[in-house]
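Trainee: sequence and predicted structure are below.
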Amino acid sequence: MKTQKLTTRAVISCAFLMLITLSAFAQQKVKASDIMEALKKGDEVSYKDVTVTGVLDFTFMDEKKRDLPTRRRWWRDGSDNEVNETIESKVSFVNVTFEDDVLAYYHDDRSEYTFTADFEKDVTFENCKFQRNAMFKYSVFERSASFAASSFEEETTFKYAEFEDQANFSKTFFDEDAIFKYTKFRDGANFNAAKFDRSLDMKYTKVRGDLDIKDMDVRWDIITKYAEVNGRSFTRYLMDN
């Protein structure tokens with residue numbers, strides 16, 4: 001009888017622990033729309049050990065489309081088609097999984113508007129998993145930007161991006177082609193132990209300051225035509241280092 005009571009208590013305890021675990025797991029889901037709402041208010045965004053669901057759109061293009069003139073009108077008025085958003089808050093994601101797209105760039109084929117986002121303060125995406133597209137084309141990072149130990153599973157681009165402060169891509173993993181074409185690193189770039197499962201495109205890329213490519217591994221091609229490191233050709237830099 002005593003043994004039966006102990007067994008019953010053990011079963012109840014296990015069931016209770018399972019409920020707590022399931023509850024904790026459910027709390028780890030964060031909606032991208034909630035993050036965007038916080039950014040709109042100017043709040044700092046900081047998440048750790050969570051999964052973000054839905055498209056995280058730093059450009060806020062869905063809201064802006066409603067107030068934009070038609071293509072015919074902006075062509076007639078001599079305007080351009082770029083619509084820029086500036087993220088004024090500090091952004092930090094550590095050990096976060098993004099189930100859907102993360103967008104700081106989007107070109108809308110129907111309206112022909114291009115939506116971009118710049119970042120005024122520190123940006124951190126460390127040990128994160130980008131399971132869909134990660135688009136940072138044309139983005140300006142005014143303070144430090146770290147993507148250290150993050151993995152990019154689908155299309156990603158930092159084409160034309162500008163890093164005014166330190167840029168950290170150490171121990172990153174790119175499953176598809178990594179695009180850093182025309183990218184400007186004005187205070188060094190860290191690609192230490194970064195792994196590229198396909199090609200790395202750094203054509204026309206300019207680096208000022210220290211460039212760390214120790215133990216960097218590129219499976220296919222490294223495209224460095226017209227790329228420069230402190231005024232020297234990228235090829236010359238590789239030969240000297």
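Mentor: Received it, and whenever you're ready, just let me know what you need.
Trainee: skipping adjacent residues, who's closest to T86 in space?
Mentor: D118 (5.0 Å; CB to CB, 6 or more residues apart in numbering). The C-beta positions use only the backbone N, C-alpha and C, and glycine is treated the same way.
Trainee: for I179, same thing?
Mentor: T157 (4.1 Å).
Trainee: for the host helix or strand of the residue nearest to T86, packing partners?
Mentor: Element membership for D118 (DSSP states H and E) is strand 114-119. With contacts defined as 3 or more CB pairs under 8 Å, 6 or more residues apart in numbering; DSSP states H and E, strand 114-119 has these neighbours: strand 82-87, strand 105-107, strand 140-141.
Trainee: the residue nearest to I179: what's it in contact with?
Mentor: When contacts are counted by CB atoms under 8 Å, 6 or more residues apart in numbering, T157 touches 105, 134-137, 179.
Trainee: confidence score at S111?
Mentor: With respect to pLDDT, S111 has a value of 81.
Trainee: what does A26 give?
Mentor: pLDDT at A26 comes out at 47.
Trainee: if we can go back for a sec, can I get the strand holding D118 as CSV, trimmed to CA atoms?
Mentor: Extracted C-alpha coordinates of strand 114-119, given in CSV (Å, rounded to 0.1, in the frame of the first residue of the first chain):
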residue,chain,number,x,y,z
THR,A,114,12.2,49.7,-52.3
PHE,A,115,11.9,49.6,-48.5
THR,A,116,15.0,49.7,-46.3
ALA,A,117,15.9,50.0,-42.7
ASP,A,118,18.9,51.6,-40.9
PHE,A,119,20.0,51.1,-37.3
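Trainee: contacting residues around it?
Mentor: 58-61, 64, 81-87, 91, 103-108, 137-143, 145.
Trainee: can you say which of the residues you listed are buried?
Mentor: Buried members of the contacts of strand 114-119, scored by 16 or more other CB atoms under 10 Å, are 58-61, 83, 85, 87, 91, 103-106, 137-142, 145.
Trainee: could the helices and strands packed on strand 114-119 be laid out in CSV, adding mean pLDDT?
Mentor: Formatted as CSV, these follow (pLDDT from 0 to 100):
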stretch, mean pLDDT
strand 82-87, 96
strand 105-107, 96
strand 140-141, 98
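Trainee: among those, which is nearest V30?
Mentor: strand 82-87 (17.3 Å; CB to CB).
Trainee: please name every helix or strand in contact with that closest one.
Mentor: Under the contact rule (3+ CB pairs under 8 Å, 6+ apart), strand 82-87 is packed against helix 61-65, strand 114-119.
Trainee: what's the average pLDDT for the last one?
Mentor: If I follow you right, that is strand 114-119. pLDDT averaged over strand 114-119 gives 97.
Trainee: what's the next secondary structure element after it?
Mentor: strand 123-126.
Trainee: that following strand packs against which elements?
Mentor: Against strand 123-126 (3+ CB pairs under 8 Å, 6+ apart) you get strand 91-94, strand 145-146.
Trainee: helices and strands around the last one, which ones?
Mentor: Spelled out, it's strand 145-146. Strand 145-146 packs on strand 123-126, strand 167-168, going by 3+ CB pairs under 8 Å, 6+ apart.
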